[in-house]
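> Here you go, sequence then predicted model.
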Amino acid sequence: GAVVMAGGALPPTESILLAVLYSIGAHGIMTLNDFKAIEGDTQMGLKSLPVVLGVQGAARWAAGIMALPQFVVVWLLHAWDRPVQAAIVAAVLAVQLVLMARFLKDPVKNALFLSAFGVTLYVSGMMAAAIGIRSLAAGG
């Protein structure tokens, strides 16, 4: 999408970095969907993360892989002199961490809750980061 918006040119490094980081975090989001099908996955021999790692292992993986890239995004935005966007991403991450703590107490019961609210916050942070780097590309 960034290549299309840039008229076929390679996007700025900042854009590529954020795309990679948020894509890594999306793996955790996808893992949340696996919690609703553990029984069926087990019966069918599907090797989803909750089946392979166990419920708690997969829950820790999902939460960690969602959170870690966002910590890096906060650091990068700060390094790129985008303190407002860094603060927004940090704030939505802080709320996600609270939701993740609830999720980790009972991953099967709370996966849908984290999907609904945590992912919305995740995407909100992604949008704030995109706005921050857009102003970098514009020279401001």
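Looks like it came in fine. Numbers count the residues shown, from 1 in each chain.
> list the contacts for Leu68?
Leu68 sits next to Ile24, Gly25 when contact means C-beta atoms under 8 Å, 6 or more residues apart in numbering. Every C-beta, even on glycine, is put in place using the N, C-alpha and C of the backbone.
> All the helices of this structure, residue numbers only.
2-5, 13-34, 38-44, 49-79, 83-105, 107-113, 119-137 (DSSP state H).
> could you check the distance from the residue located most distally from the centre of the chain over to Leu32?
Most distant from the centre of the chain: Gln43, at 29.4 Å, with distances by C-alpha atoms, centre = their mean. Distance of Gln43 to Leu32, given as C-beta to C-beta, to the nearest Å: 20 Å.
> ok so, going back, pLDDT value on the residue farthest from the centre of the chain, please?
Gln43 carries a pLDDT value of 92.
> got it, and the one 4 residues further on?
In the prediction, the pLDDT value recorded for Lys47 is 93.
> contacting residues for it?
Neighbours of Lys47 in contact, by C-beta under 8 Å, 6+ apart: Asp41.
> Phi, psi for it please.
Phi and psi for Lys47, reported as degrees, to the nearest 10, are phi -100, psi 60.
> now Ala9
phi -80, psi 160.
> Give me the number of neighbouring residues for it.
Residues near Ala9, counting by other C-beta atoms under 10 Å, number 9.
> what do you get for the one 5 residues further on?
For Glu14, the neighbour count with other C-beta under 10 Å is 19.
> Gly132 now?
For Gly132, the neighbour count with other C-beta under 10 Å is 23.
> That one and Met66: what is the separation?
For Gly132, the distance to Met66 - C-beta to C-beta - is 20 Å.
> again with Ile16
Distance, Ile16 to Met66, using C-beta to C-beta: 20 Å.
> what's the least confident stretch among the helices of the chain?
When those are compared on mean pLDDT, helix 2-5 scores lowest, with a mean of 63.
> what about Ile16 and Met66, which has more around it?
Set Ile16 next to Met66 and count neighbours by other C-beta under 10 Å: Met66 wins out with 26 against 12.
> for the nearest residue to the more buried one once chain neighbours are set aside, what are its contacts?
Spatial nearest neighbour of Met66, chain neighbours left out: Gly28 (3.5 Å); criterion: C-beta to C-beta, 6 or more residues apart in numbering. Gly28 sits next to Trp61, Ala62, Ala63, Gly64, Ile65, Met66, Ala67 when contact means C-beta under 8 Å, 6+ apart.
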